[in-house]
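Asker: structure, please.
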Amino acid sequence: MASNVPLLESDDVLDFGEEDEPRGHFKHPIVTLFHVGFRSAALIVFLLCGWFNVSFIGSFVTVVLLLSIDFWTVKNITGRIMVGLRWWNYIDDNGKSHWVFEARKGAPQARVSSAEVKVFWTALIAFPVMWGVLLIIEIFTLKVSWFVLVCIALSLNCSNLWGFVRCKLGGKDGSVTESVKNMAATLMRQQMLANMASMFTRSPPNAGGSNSNI
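Answerer: Residues are numbered from 1 along each chain as shown. Predicted structure coming up:
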């Protein structure tokens, strides 16, 4: 069954900041180029086609093709090689869909490069932000056709971002939700304690000037 396919061996899951060796060295330059290349090409083609009034159908097909190649490449190749993360889906014998979020385990220094990790996460986060800015621009310019294309780009980029963040946060169902809930509960407790402390330490108001003059 697909659920028995391991990603890597050993026990220690990579955390942010643990990918420190080797420093400043790209162990997989071609993979790193592919990680940035396809999504950059999709964005550049989109901008050029919008500026030079190229045929919309040709532009749409080209950008969607580049986005699809980028989505598959990042999800299945660059994420696994550059940072040791992988997410995927399978259908069990009962027809139920399962999402799997895996993180590389073992000695991280021998597996990843800090330079590649920085490039991976920078590109993974920066491009959805740029597509989000373009989405806002298309809304104000009322270009419905280009708006649909930007939505497709944003959804594909955000899907990969969501999947790899889930891998980093543990990958178990509900782990992200639980983390947010725990953070919110901690903030609420701190705020309640601060309010209680201010109630007890607050100086009482003056009784007024009624006793000052007789």
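Asker: can you map out the helices along this protein?
Answerer: For the chain, the helices defined by DSSP state H cover 29-52, 56-73, 114-141, 144-168, 175-201.
Asker: could you list the low-pLDDT ranges of this structure?
Answerer: Along the chain, segments meeting pLDDT under 70 span 1-24, 106-111, 171-214.
Asker: same thing but 90
Answerer: Applying pLDDT under 90 to the chain picks out residues 1-29, 49-59, 80-86, 88-117, 138-146, 167-214.
Asker: residues of stretch 25-34 that come out buried?
Answerer: Residues of stretch 25-34 classed as buried by neighbour count (16 or more other Cβ atoms under 10 Å): 28, 31-32, 34. Glycine gets a C-beta too; all of them are placed from N, C-alpha and C.
Asker: please apply the same query to stretch 78-95.
Answerer: Buried residues in stretch 78-95, counted by 16+ other Cβ under 10 Å: 78-87.
Asker: between the two ends of it, how far is it?
Answerer: Using Cα to Cα, to the nearest Å, the end-to-end distance of stretch 78-95 comes to 29 Å.
Asker: and for stretch 72-83?
Answerer: In stretch 72-83, first residue to last residue: 16 Å (Cα to Cα).
Asker: contacts for it, please.
Answerer: Applying Cβ atoms under 8 Å, 6 or more residues apart in numbering, the external contacts of stretch 72-83 come out as 7, 14, 19, 28, 31-32, 34-35, 38-39, 85-88, 104, 112-113, 116-117, 119-121, 124, 160, 163-164, 167.
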